[in-house]
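Enquirer: Sequence first, predicted coordinates after that:
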Amino acid sequence: MSERLEDIAQQMVAPGKGILAADESTGTIKKRFDSIGVDNTEDNRRDYREMLFRTDDAMRESISGVILFEETLHQKAADGTPFVDLIRAAGAVPGIKVDKGAKPLAGYAGETVTEGLDGLRERLDTYYDAGARFAKWRGVIAISGALPTAYAIHANAHALARYAVLCQEQGIVPIVEPEIVMDGAPGDHSIDRCAQVTEAVLTEVFSELHQARCMLEGMVLKPNMVIDGQKARTASVEEVAEKTVAVLKKTVPDAVAGIAFLSGGQSDEEATAHLSAMNAMGGLPWPLTFSYGRALQAAALKAWSGKAENVAAGQRAFAHRAKMNALAATGQWSADQEAA
Ligand code: 13P
């Protein structure tokens, strides 16, 4: 008898915890390793992820789930313990990125649609057997004065909805991630333009989820925050928090189990400050937490730098960021806690 989707989803957004996005594809982790001069070998990928998953205090206290790439789902720690077992032993839920990446949308220059629906039912079955209880699919929405087009929004929302219901059919909670990119080109959009596009995208996503018969109580939304482009960052923490919550309240049904943000290129501390400010506002219909990749890992990656003697330092850096974001998930973070 499989667990109920609603219960898994609740566990993923449990109070004071959030999700570690460690699902970098082999190509993306190469970029991260290049930044610290480490070769992208299977052993190095294993050592790096093992360092994170064995950070016991952080995993137990602050992490509700871990998104894995396919290789990592089936991978073992150096002593032969399956990673899935390490994650479960820490009380967190193992999850899996199932999309095959954002590919150029034919006929629509500068826009993409995410692929991976063909054969997904069978792959989900395999992932379930390997221990995954939630999945992630990321739709990528370009933003500029002219983009996105209505067609690109529709194509990505449609794929997200088809993915979501296939997951639910297989006993897996879908993380639905429509990301309006903050750090793409041209990257000079205003916060109000981001609000407008985010509202349009989330409206379309929930319309498609409704038509596809997605059970909202058994899904988690992973949105971008409403924020100005990387090359035009001027909005204050309060403005980002207020405008993000306003758009979410207009577009996300109360029945959704929870919302876990991506960090999208924000600095570690910005991502934490924004989340904390939103939770401090109170009166939200859904739990609001993190599902950060870069903003949870950047400091740990740098401290580690591929050296076995730095594992403890890498774990300290990860534990600190996880703790700061766990505080933010209940609105209790403040800048002076960064120093402690
Ligand atoms: P970032 O937090 O680095 O944006 O990554 C989260 C993620 O899972 C993107 O798909």
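Expert: Yep, it's here.
Enquirer: Smallest gap between the stretch 201-340 of the chain and the ligand, at which residue?
Expert: The ligand sits closest to Gly293 of the stretch 201-340 of the chain, with a gap of 2.8 Å, by Cβ to the nearest ligand atom. Glycine gets a C-beta too; all of them are placed from N, C-alpha and C.
Enquirer: how about that residue, what does it touch?
Expert: 21-24, 262-263 (Cβ atoms under 8 Å, 6 or more residues apart in numbering).
Enquirer: Next: Glu217.
Expert: Counting by Cβ under 8 Å, 6+ apart, Glu217 touches 5-6, 9, 255-257.
Enquirer: near the ligand, which residues of the stretch 201-340 of the chain?
Expert: Contact residues (Cβ under 6 Å from any ligand atom) of the stretch 201-340 of the chain with the ligand: 262-264, 292-295.
Enquirer: among these, which are in strands?
Expert: Among those, DSSP state E puts Tyr292 in strands.
Enquirer: Of the residues of the stretch 201-340 of the chain next to the ligand, which belong to helices?
Expert: Judged by DSSP state H, helices contain the following of those: 294-295.
Enquirer: mind giving me TSV with the residues of the stretch 201-340 of the chain next to the ligand and columns for pLDDT?
Expert: Conversion of these to TSV gives the following (pLDDT from 0 to 100):
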residue	pLDDT
Leu262	98
Ser263	98
Gly264	97
Tyr292	98
Gly293	98
Arg294	98
Ala295	98
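Enquirer: Show me how to select, in ChimeraX, the buried members of the contacts of Glu217.
Expert: If you want just the buried ones from those in ChimeraX, going by 16 or more other Cβ atoms under 10 Å, the selection is:
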select :5,9,256,257
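Enquirer: Among the contacts of Glu217, which lie within helices?
Expert: Filtering those for helices - DSSP H - leaves 5-6, 9.
Enquirer: quick one, helices of this structure?
Expert: Counting by DSSP H, the helices of the chain are 5-12, 26-34, 42-53, 56-62, 70-73, 83-89, 120-129, 150-169, 191-211, 237-251, 268-281, 294-304, 311-328.
Enquirer: wait, what's in contact with whatever residue of the stretch 51-200 of the chain ends up closest to the ligand?
Expert: Closest to the ligand within the stretch 51-200 of the chain is Arg138: 4.3 Å, counting by Cβ to the nearest ligand atom. Taking Cβ under 8 Å, 6+ apart, we find Arg138 in contact with 97, 99, 102, 114, 177-179, 222.
Enquirer: and if you look at Asn325?
Expert: 18, 62, 271-272, 275, 290, 292, 295-296, 333.
Enquirer: Make TSV out of those residues and add distance to Ala313 and neighbour count.
Expert: As requested, those are exported to TSV (distance: Cβ to Cβ, whole Å; neighbours: other Cβ atoms under 10 Å):
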residue	distance to Ala313	neighbour count
Gly18	23	28
Ser62	18	25
Ala271	21	25
Thr272	20	28
Leu275	25	32
Phe290	23	31
Tyr292	20	26
Ala295	19	26
Leu296	16	28
Trp333	23	23
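Enquirer: where does the stretch 51-200 of the chain come near the ligand, residue by residue?
Expert: Applying Cβ under 6 Å from any ligand atom, we find that the stretch 51-200 of the chain lies next to the ligand at 138, 177.
Enquirer: OK, contacts around the residue in the stretch 1-150 of the chain positioned nearest to the ligand?
Expert: In the stretch 1-150 of the chain, the residue that lies nearest the ligand is Ala21 (3.5 Å; Cβ to the nearest ligand atom). By Cβ under 8 Å, 6+ apart, the residues touching Ala21 are 67, 136, 262, 291-293, 296.
Enquirer: go with 6 Å
Expert: Neighbour list for Ala21: 67, 291, 293 [criterion: Cβ atoms under 6 Å, 6 or more residues apart in numbering].
Enquirer: That one pairs with what?
Expert: Beta bridges link Ala21 to Ile67, judged by DSSP bridges.
Enquirer: Return the distance of it relative to Ile63.
Expert: 11 Å (Cβ to Cβ, to the nearest Å).
Enquirer: Same question for Arg49.
Expert: Relative to Ile63, Arg49 is positioned 13 Å away (Cβ to Cβ).
Enquirer: okay, the two: which has more neighbours?
Expert: Using other Cβ atoms under 10 Å as the criterion, Arg49 and Ile63 rank with Ile63 on top: 27 against 22.
Enquirer: Let me know how buried Gly171 is, in neighbour terms.
Expert: Gly171 has 17 neighbouring residues, counting by other Cβ under 10 Å.
Enquirer: And stretch 270-282, what's buried?
Expert: So stretch 270-282, judged by 16+ other Cβ under 10 Å, has buried residues 270-279.
Enquirer: if we can go back for a sec, out of the contacts of Arg138, who's nearest Gly145?
Expert: Of all the contacts of Arg138, Gly145 sits closest to Glu179, with 19.1 Å by Cβ to Cβ.
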